[in-house]
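A.B. asks: the following comprises the amino acid sequence and a computationally predicted model.
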Amino acid sequence: MYRMVRSDRSDSAGYRELSFWHNTVPGTLEPGEPLDGDVEADVAIVGAGFTGLWTAYYLARRDPALRIVVCEREIAGFGASGRNGGWCSALFPASLSKLARLSDRDGAIAMQRAMHATVDEVGAVAAAEDIDCHWAKGGTVMLARSPTQLERAKEEVQEAREFGFGDADLRPLGADEAKSLAGATSVLGGTYTPHCAAIHPARLVRGLAAAVRRAGVAVYERTPVLAVSPGLVVTRSGRVRARYVVRATEGYTAGLPGLRRAIAPVYSLMIATEPLDESDWETIGLAGRPTFGDLRHLIIYGQRTADGRLAFGGRGAPYHLGSSVRPSYDQVPAVFAALRRTLGELFPALGDVRVTHHWGGPIGIPRDWCASVGLDRSTGMAWAGGYVGDGVATTNLAGRTLADLITGTDSELTRLPWVGHRSPDWEPEPMRWLGLNAGLQVMGLADRQEDKSGHPSRAAAFMGRFLGE
C-alpha cells in the first residue's frame, strides 16, 4: 500500500507522495524560490492552484505589461488542483433551477452554456501550451443502479429539457447502453453528457504553472500568506502591495484571518489500482475513458487513467471542528476501505486487484453550495471559489472572468449569475461541525435505506434543503 508522508516536507520526494497524480507527474516538484522581501505589483494572487494560475494566465495574455505576483504556501498544484478526480467537466455545484432563482432563466442557461464551452477551452489551452495532461474527452456516464437512482436520472434529464438542453448535452441511457459504457453491476439506466474530459490533473496544473512563468508572472512557492487586506498581502518573508488582491484559496480559505466561516473544508478521498489487464477492461468497459459515477447521495467518482488504472474517489470523510485542515486528515482508513468495497461492488472483475495509491485533501464548500467569483472595485479585493469539488473547468471560467473584471472588460462572462454572488457564512461552531457531519451520516444512511426500500429518502431531501442545495 502506498503510504503518505507529511505534506509540509520541502523536497520533491515528499510532494510526490501527496497523491497518485503527484507521484506520476513528469519533471521536478522541487519548490521554486520563495518571496524574499517586499515587492510592488499590479495584481497579487494568493494561491497557486487552478484558480490562481488561470487568473494569472489570462491576465498576462490580456496585458503583458501587468506586474502579477502569485504567492503559494507549498508548491503550485499542492492542494485540490493536483489531487482531484481528474474530471474536467461542465458540472456546476448549483442546479439550473437554483441558478434561475438566483438570477433568471436566461442567466441559468448562459451559465451552463459557458461551462460547456469552458471544457473545450481547457483542452485548447493545454494543446496550445503543449501540456500533456492525458486529455480524453469521453464524456461522463452516470449510472442508475436502483429504482430511486433511475428516477433521479429522469429528473435530471427533465430539468435539462425545461431549460432547452437536448440530447446533445445530456441524454438518458437505457440499461443496455449504460452497461456498454460502464460494465457495472445492477445497472438500470443512467445519463450521458459529452461535456467532460478525463485528465491527469497534476500534469495540467504543473504545466499551467510553467506557462504562467513563461508569460513573466512571478510565482513564489513556499511563501505562506498570513493575511490579506485591500492593497496588501502579508507573508512570512515579505509584503506584496498591489492594486488588486485575488483570493484563490478554496479549501484553505478558513486559514486566513476573518474567513473562518466563509468556506468549509470538507475532505474527499481517493484510491488508485494497479494497471489492469486488458481482459479486465473488456469486462469493465470505459472505452474512450468516460468519467463515471452513480446517482447515490454520497458522491462517488472515477476514471480510467491513461496508464490503465482505475482512479476512484468519494465523500464520507468527516468535517473537522473549526474548519481545521491538517495533513493527517488526508488519511481515513475506514473511508479507503469503503471505497475499495464500493469499487468491487461496481466491478466484481476487479477481484483481488491491488490498490497502490490512496490520498485525499480538502475541497471548498460555501454555505449555499453555490460557487462565486467577483471583484469589489472599491477595495480591489477579488475572489473565486466554492466549487464543491467541481473545479477543474470552473476555475478556468473563474480565471477568465477575473481577468475581465480586473481589466474593466465588459463581457458575457462578467454578466453570468455567479459573478458578484455572496454566499452566507457558515454557522459558528459547534453548529457547523454538527450540521456537516450529520449531513454526511444522513446521506450515507439515505443510500442504504433507498437500496432496501426502493423509495426516495425524506431525510436526504430535508438535509439537502438544510445544507442549501
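C.D. replies: Perfect, thanks for sending it. Remember, predicted model here, so these are calculated numbers, not experimental data.
A.B. asks: what strand or helix carries residue 197?
C.D. replies: Counting by DSSP states H and E, the element that carries residue 197 is strand 196-198.
A.B. asks: cool, and residue 106?
C.D. replies: Per DSSP H and E: helix 105-128 holds residue 106.
A.B. asks: ok, then the element right after that helix?
C.D. replies: With DSSP H and E, the next secondary element past helix 105-128 is strand 140-144.
A.B. asks: averaged pLDDT, that following strand. What do you get?
C.D. replies: Across strand 140-144, pLDDT averages out at 98.
A.B. asks: I'd like the next helix or strand past it.
C.D. replies: Counting by DSSP H and E, what follows strand 140-144 is helix 147-162.
A.B. asks: quick one: contacts of that following helix?
C.D. replies: Residues from elsewhere that reach helix 147-162, judged by Cβ atoms under 8 Å, 6 or more residues apart in numbering: 95-97, 142-144, 166, 169-173, 188-191, 294-296, 450, 454-457. Backbone N, C-alpha and C define where each C-beta goes, glycine included.
A.B. asks: before we move on, back to that, other SSEs contacting the helix holding residue 106?
C.D. replies: In this structure, helix 105-128 makes packing contacts with strand 87-89, helix 96-102, strand 196-198, helix 201-214, helix 391-406, judged by 3 or more Cβ pairs under 8 Å, 6 or more residues apart in numbering; DSSP states H and E.
A.B. asks: so can I have CSV of those showing mean pLDDT, distance to residue 334 and mean neighbour count?
C.D. replies: Formatted as CSV, the helices and strands packed on helix 105-128 follow (pLDDT from 0 to 100; distance: least, Cβ to Cβ, whole Å; neighbours: other Cβ atoms under 10 Å):
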stretch, mean pLDDT, distance to residue 334, mean neighbour count
strand 87-89, 98, 24, 27
helix 96-102, 96, 32, 18
strand 196-198, 98, 28, 27
helix 201-214, 98, 25, 24
helix 391-406, 98, 26, 27
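A.B. asks: tell me which of these sits nearest to residue 301.
C.D. replies: strand 87-89 (6.5 Å; Cβ to Cβ).
A.B. asks: contacts only, for the closest residue to residue 137 other than its chain neighbours.
C.D. replies: Once flanking residues are discounted, residue 137 sits nearest to residue 197: 4.1 Å by Cβ to Cβ, 6 or more residues apart in numbering. Listed by Cβ under 8 Å, 6+ apart, the contact set of residue 197 reads 87-89, 119, 122-123, 135-138.
A.B. asks: max pairwise distance over those residues: which two?
C.D. replies: It's 122 and 138 that sit farthest apart of these, by Cβ to Cβ, at 14.7 Å.
A.B. asks: could I get the contacting residues of residue 222?
C.D. replies: By Cβ under 8 Å, 6+ apart, residue 222 lies in contact with 10, 31-32, 34, 72-75.
A.B. asks: how does it look with 6 Å?
C.D. replies: Residue 222 is in contact with 31, 34, counting by Cβ atoms under 6 Å, 6 or more residues apart in numbering.
A.B. asks: what about it, helix or strand, and which?
C.D. replies: Applying DSSP H and E as the criterion places residue 222 outside every helix and strand.
A.B. asks: all helices for the protein, in order.
C.D. replies: 12-16, 20-24, 50-62, 80-83, 96-102, 105-128, 147-162, 175-181, 201-214, 278-284, 333-346, 391-406, 431-453, 458-466 (DSSP state H).
A.B. asks: residue 236 is nearest to which of those?
C.D. replies: From those, taking Cβ to Cβ, the stretch that ends up closest is helix 50-62, at 18.1 Å.
A.B. asks: how about the closest one: buried residues?
C.D. replies: By neighbour count with 16 or more other Cβ atoms under 10 Å, helix 50-62 contains the buried residues 50-60.
A.B. asks: got the angle for it vs helix 391-406?
C.D. replies: Relative orientation of helix 50-62 versus helix 391-406 (axes from the mean of the first three to the mean of the last three Cα atoms, to 10 degrees): 40 degrees.
A.B. asks: show residues contacting helix 50-62.
C.D. replies: 45, 66, 68, 70, 81, 205, 208-209, 212, 215, 217, 246, 248, 384, 395-396, 398-400, 402-403, 407.
A.B. asks: residue 122 and residue 138: which is more packed in?
C.D. replies: The residue with more neighbours, out of residue 122 and residue 138, is residue 122; 24 against 19, by other Cβ atoms under 10 Å.
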